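Colleague: Sequence and predicted structure are below.
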Amino acid sequence: MSGFSVELRELTKVFGTSHGPGNEVVAVRDVNLGIHPGEFFTLLGPSGCGKTTTLRLIGGFEMPTRGEIFIEGEPMSHVPPYRRPVNIVFQNYALFPHLTVAQNVAFGPTIKGVPRAERERRVQEALALVRLPNIGNRKPSQLSGGQQQRVALARALINEPAVLLLDEPLGALDLKLRKQMQSELKHLQQQVGITFIYVTHDQEEALTMSDRIAVMNEGQVLQVGDPVTIYERPSCRFVADFIGETNFLRAQVVGKERDRICLCVAGERVWAGATEEPLREGQEVTLAIRPEKIDLLSAAQANGAALTGVVREVVYLGTDTRFVVILPSGETVVARLQNIGGHGLGEFAAGDRVKLLWAAEDARPLTG
Amino acid sequence: MQPHRIVRWLCRVLALAMALALAACAGQKASGPLIVLDWSGYEQEVFWQEFKQAHPNVQVQHTFFAEDAEAFAKLQSGFVADLVHPNSSWLQLYVDNDLLQPIDTSKLKNWPQIMEPLAKMGQVNGKQYMAPWEWGYDSILVRTDKVPEMPDSWADLWDPRYQGHVSIFDSAESSIVVGALALGYDPYNMTDQQLEEVKQKLIALKPNLLGYWTDYTEINQQVASGEVWVAANTWPDAYVALKAEGIAVDYITPKEGRIGWVYGYCIPKSSKNPGLAHAYIDAVISKAAMVEMARQYGYGAANLAANQEIVKTLDPDVVRVMQLDNPDLVKTTVFMKPLTEEQRTKWTKVWDDVKAAP
Amino acid sequence: MRDTRSRLLILITPPALLLIMFFVLPMLNMATFSFRQGAFGEERHMWTLAHYREFLRNTAFQRLLGRSIAMAFETSLYCIILAYPLAYFLIFRAGERRVALLTLVLVPAWTSFLLRILAWKLILSSEGLLSGLLQAVGLLAEPKPVLLYSRAAVVVALTYSWLPFVALPIFAALERIDPHLLEAAADLGCPPWRAFLRVTLPLSLPGVVAGFFFVFIPTLGEWVTPALVGGVDGIMYGNIIQDQFVRGLNWPMGALMSLVMLLAMLVLLGLLVWLLKALHVELGDLIG
């Protein structure tokens, strides 16, 4: 219809309707998404936010309570999984323990009746694709976690689905392996060229791999955008808080200019970047600014729009140093300075009076 | 406490306990207990009343068995008993295996009342090993209201009109005799060829059979419910019991003759109280005890005086059925004869082959 | 090192002794008995192969063994056919009530085995439930025992008695199946029936096999049930063994027949295991 690989319209899923109105759980609420073909799209959010349910709805393992699902333009809301051009990689891999690796990978083609020779060729191809060429005769129980995960991938990809769904596939791996697999998955997706819909709660993973991210909480999609937009210009407090670290300060709108807004924070005037949302003078907002965007100067030095505060804590982090500064209003601000030259470490100590500075476009006023 | 002191203390306690036990045993040696190996039902005090009155301090213990083979096996494997109550047909086997001691009939004051022919059945090689007690028949019990025609011969069991309503006792001994009589052979003098024919005949009976009955409650219930019309080698107590319930039954005499059996009391060699055993036998063969037995079970009594009493006081119908007033019954009845071990083994094998045949 | 070894030895000795005293030695005793002439007296100490010759000659006994094996096999098969859907329903449809319902299935097993067989005797008798039912429907003209005193009665009564014992291992095997596996099968193109054949069935097979053994082994040696409801047709191998020991006083023959049954059982079970292993490889290609 509209060139989307997967489109969700007002998708809603309610659990527990049979147990009475008091026991219902709305897992997914009015979700609207349009995912482009060949995109690496991530659903990101904390546990219980509805991202896995959304994925399962796309896969056909749950049926929507309301709303519609379109895959490659075809309505698929109530089509069972075995008739959707979609394949899934489960969190625990779900490899068939009674079959060998080769038989696992060949499962999809076997069901479709692909003749033996062709089947074996495709299995070899799939295993080569995930770089596990020689383990066809082993059983899943004999493989490591990373190997199992790749077999699960091969088993899904051999069917050449239009969309591949991945449900937190790297969750069970150790850190180093995870990082390696993130990179591999990304390259794999680019090589194969199909749409990947990826679910994770790890925001760093999402930022690394995705073309676009949808941040979800309590069943709703809060913001959709590419990693840079999500990170640099979060649309609401939750997104700003969930991704990376953010300082939130109480602020009041004082005035507006063409591309920046003047706010009063803790009695002082500071600048923030303008947003599309119209703001009135005197409106109460939240100023969001990331620690690494804040620069510290000694109180004596700075002038102009800046906050004043007292350093309470200094934490050395190797590449950066973290400074926790208290404002006169009692609010805390965290700043991170890179340890370059004489900056960062050793520059300020607890008890020092400092001024906090930032570029206007690095700060955002949030209403939600 | 240290281990070796505990052990020493334990040993002393054990020794003391053993001494006490021995003393207790020694003290009891003079008076029983009297161990009676018997069929369930005969332990009632009314049967050995006289013994109880004469020896009130002797403890009488009854141990039950359900098959003759069971009693034999028990004694064979060393069970100590003062009395055993087998079928006279097993007497030869008992004596051949040296399991019994002869009964001194001079010690029994009731002995003169025992009928001569029955007493003879309790003798082996001229010695009296068994005091006969009860006797009766294996015959055919018939539901008179169910059968199209009353049977009058053992061969009628094979009548196809009774198909599915015949039951036969699961016993090699009596069923092979049935087969032999049906074919007109002398059961106790058959050639191997004749025995083979009996086997085939019994296999041929299977389509007519509802099943093999093993205990009398089972067969009584099956006849009462009408599932079985013709019950073979049943005992007279079945007739008595079913008649009491008001069921239309008759206990017939096949023209080849009923099968008869005699059971009695013997004294095993292992008995420690032969004197008391004799006293017990004397009590059970008394007139009073035997009349009571006949009243309860409908079996014949070995005691002639008792028999005469029964004929006078018992239900005349039962008397008729039991032929208690028939002086020729010994001649027309095929009494079970003792089987040698070889014969018994052969017959058991034949019966097993019959049961196993498809 | 030596300390743990001696501790292991001490721990293992009591059960090993029990096993040897109450299992191995009696088995050996029985095996030697089959070579004796007779059970008692001097015959006990005479050795012979006569019983072996007799058994080999006696085709009726051999065929009875064959019939009993067939009946045991039949019973096991029916148990599996009935227990599998039961266990399947409990696991996949009963939800939270599955344990309560399973307990209900097991409750009859807490009663005496004899009582259960006698209950069937009542049900199948001429005044029993089945007869009454058939009369009410018009299929039976007068009170008659239905099925009673036949091979069928034995198989029915035994199937009923052993059903809970077969349902249990199948239940356990099905419970262990990861539900994601079935979702994966659906995802890869299997409609529910194919997912069952390709995933559920193969994974539950160990439970089915265990259940089969649970029934087959005791049923082969049965004699109480045939004695009560088998009539003439339903006589099983065990009845003859019982006869040998109790009535025939032919303990050597009884021992021999028991040994033969044991051997037959071991051979059959070995064959079954081998067959399953061989089939397992092609199971995926054979079905669905």
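Modeller: Structure's in. What do you need?
Colleague: ok, which residues in the stretch 101-250 of chain C are in contact with chain B?
Modeller: Residues of the stretch 101-250 of chain C that fall close to chain B, judged by Cβ under 8 Å from any Cβ of the partner chain: C:125-127, C:143, C:145, C:149, C:227, C:230-232, C:235, C:239-240, C:243-244, C:246-250. For glycine as for every other residue, the C-beta is placed from the backbone atoms N, C-alpha and C.
Colleague: Work out for me the element the residue of the stretch 251-358 of chain B found nearest chain A sits within.
Modeller: Going by Cβ to the nearest Cβ, chain A is nearest to B:P358 of the stretch 251-358 of chain B, at 42.3 Å. Assessed by DSSP states H and E, B:P358 sits outside every helix and strand.
Colleague: C:L249 against B:A69, yeah?
Modeller: Yes. The criterion here is Cβ atoms under 8 Å, and C:L249 meets it with B:A69 at 5.5 Å.
Colleague: contacting residues around the closest residue to C:N250 other than its chain neighbours?
Modeller: Spatial nearest neighbour of C:N250, excluding adjacent residues (Cβ to Cβ, 6 or more residues apart in numbering or on different chains): C:Q244 at 4.7 Å. The contact partners of C:Q244, taken as Cβ atoms under 8 Å, 6 or more residues apart in numbering or on different chains, are B:T348, B:D352, C:N250, C:W251, C:M253, C:G254, C:M257.
Colleague: Please state the offset of the helix or strand containing the fifth one from the chain centre?
Modeller: Taking DSSP H and E as the definition, one finds C:M253 inside helix C:251-286. The gap between the average C-alpha position of helix C:251-286 and the chain average comes to 13 Å, counting by Cα atoms, centre = their mean, to the nearest Å.
Colleague: Could I get the buried residue list for it?
Modeller: By neighbour count on 16 or more other Cβ atoms under 10 Å in any protein chain shown, the buried set for helix C:251-286 is C:251-261, C:264-265, C:268, C:283-284.
Colleague: Can you give me the neighbour number for the residue of the stretch 251-358 of chain B closest to chain A?
Modeller: Neighbour count of B:P358, defined by other Cβ atoms under 10 Å in any protein chain shown: 11.
Colleague: Kindly report the same for B:A306.
Modeller: For B:A306, the count of nearby residues is 25 (other Cβ under 10 Å).
Colleague: ok, and the closest non-adjacent residue to it?
Modeller: Excluding the flanking residues, the one nearest B:A306 by Cβ to Cβ, 6+ apart is B:M290, at 3.7 Å.
Colleague: just the contacts of C:Q244 now: which is nearest A:V105?
Modeller: Within the contacts of C:Q244, proximity to A:V105 (Cβ to Cβ) peaks at C:M257, which comes in at 53.9 Å.
Colleague: Contacts only, for B:E245.
Modeller: B:A224.
Colleague: how much space between it and C:V146?
Modeller: 25 Å (Cβ to Cβ, to the nearest Å).
Colleague: Does C:N29 lie in a helix or a strand, and which?
Modeller: Going by DSSP H and E, C:N29 is part of helix C:25-33.
Colleague: show me where the stretch 201-350 of chain A has helices.
Modeller: Applying DSSP state H, counting those that start in this stretch to the stretch 201-350 of chain A gives helices spanning A:203-209, A:227-232, A:237-242.
Colleague: meant to ask about the stretch 1-150 of chain B, not that
Modeller: Under DSSP H, counting those that start in this stretch, the stretch 1-150 of chain B gives helices at B:3-28, B:49-54, B:68-76, B:91-96, B:116-121.
Colleague: how would you label B:Y265: helix, strand or coil?
Modeller: strand (DSSP: H, G, I helix; E, B strand; the rest coil).
Colleague: hang on, isn't it packed against B:W133?
Modeller: Yes. Between B:Y265 and B:W133 a contact is recorded at 5.9 Å, counting by Cβ under 8 Å.
Colleague: Now do the shared contacts for these two.
Modeller: Common neighbours of B:Y265 and B:W133 (Cβ under 8 Å, 6+ apart) are B:H85, B:V284.
Colleague: Around chain A, pick out the residues from the stretch 251-358 of chain B.
Modeller: Counting by Cβ under 8 Å from any Cβ, the stretch 251-358 of chain B has no residue next to chain A.
Colleague: Low-confidence regions, the stretch 251-358 of chain B specifically.
Modeller: Low-confidence segments of the stretch 251-358 of chain B, defined by pLDDT under 70: B:325, B:327, B:330.
Colleague: 80 instead, please
Modeller: Scanning the stretch 251-358 of chain B for pLDDT under 80 picks out B:298, B:314-332, B:341, B:358.
Colleague: All the helices of it, residue numbers only.
Modeller: Taking DSSP H, counting those that start in this stretch to define them, one finds helices in the stretch 251-358 of chain B at B:274-284, B:287-297, B:304-313, B:316-322, B:329-332, B:341-356.
Colleague: again with chain C
Modeller: Taking DSSP state H to define them, one finds helices in chain C at C:2-19, C:25-33, C:50-57, C:59-92, C:98-106, C:113-124, C:129-137, C:151-175, C:179-187, C:192-195, C:201-220, C:224-229, C:237-246, C:251-286.
Colleague: Send me stretch C:149-159 as PDB with only the CA atoms.
Modeller: Taking C-alpha atoms only, stretch C:149-159 is exported to PDB below (Å, rounded to 0.1, in the frame of the first residue of the first chain):
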ATOM      1  CA  TYR C 149     -14.800 -64.200  31.300                       C
ATOM      2  CA  SER C 150     -12.800 -63.600  28.100                       C
ATOM      3  CA  ARG C 151      -9.500 -62.200  26.900                       C
ATOM      4  CA  ALA C 152     -11.200 -58.900  26.200                       C
ATOM      5  CA  ALA C 153     -12.200 -58.600  29.900                       C
ATOM      6  CA  VAL C 154      -8.600 -59.100  31.000                       C
ATOM      7  CA  VAL C 155      -7.300 -56.500  28.500                       C
ATOM      8  CA  VAL C 156     -10.000 -54.000  29.500                       C
ATOM      9  CA  ALA C 157      -9.500 -54.400  33.300                       C
ATOM     10  CA  LEU C 158      -5.700 -54.200  32.900                       C
ATOM     11  CA  THR C 159      -5.800 -51.200  30.600                       C
END
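Colleague: Now that stretch: average pLDDT?
Modeller: The pLDDT scores in stretch C:149-159 average 91.
Colleague: Many thanks, we can stop here.
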